[in-house]
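Participant: Based on what follows, work out the 3D shape:
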Amino acid sequence: MGRVIVLVDMDCFYAQVEKKLNPSMKGHPCAVVQYKTYRGGSIIAVDYEARKYGVTRMMYGDDAEKKCPGIKLARIPEKRGKGDLTRYREASSGVMRVLSRFCKCLERASIDEAFLDITEEVASRIERMGFTSEITVSLLPATHLASLPEPANGCEQGGIAVDP
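Facilitator: Numbering: from 1, shown residues only. Predicted coordinates for the structure are as follows:
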């Protein structure tokens, strides 16, 4: 079996951190803006609720409030004239600790992304399940693979055998 690597990319990470720290934001559209205040600050993270109203990253907070009345805007704290990412780094460290429980090898790619090598865990699970032949996509109907090109029937791509 080839290596099994998983990318964990935490969508809306900054917005989720803000909602955890400030429960009054829960249940409301939310975005996180840079520490600079020009036009309400530039948005760096948008939750799904705000996206429904057309709020996007790089939009200004003032424009987001027009598109999405009632949006809660959280501002990145400022320290010595720069954005202070301490709260997000601490939250990221906590998530990475949890993820590291699932594998022996974790590589942090950014504040909200990590690669996990789960090869040993998958091999162990396959062995416990008693599989003796190659596992194919047809045996894994509930598995979702994102960002992989569609292989032609009967071909192998990315280490995954595909049944015709």
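Participant: I'd like the next helix or strand past the longest helix anywhere in the chain.
Facilitator: Assignment by DSSP state H gives helix 86-99 as the longest helix of the chain. Per DSSP states H and E, the first helix or strand lying C-terminal to helix 86-99 is strand 105-110.
Participant: Can you list the neighbours in contact with the helix or strand following that next one?
Facilitator: As assigned by DSSP H and E, the chain's next helix or strand after strand 105-110 is strand 113-117. Strand 113-117 has contacts (C-beta atoms under 8 Å, 6 or more residues apart in numbering) with 3-10, 96, 99, 102-109. Glycine gets a C-beta too; all of them are placed from N, C-alpha and C.
Participant: In its sheet, which strands sit next to strand 113-117, and in what direction?
Facilitator: In the sheet, strand 113-117 lines up against strand 5-9 (antiparallel), strand 105-110 (antiparallel) (DSSP bridges).
Participant: how about the shortest one: buried residues?
Facilitator: It stands for strand 5-9. residue 8 (16 or more other C-beta atoms under 10 Å).
Participant: so that strand versus helix 86-99, what angle?
Facilitator: For strand 5-9 against helix 86-99, the angle by axes from the mean of the first three to the mean of the last three C-alpha atoms, to 10 degrees is 150 degrees.
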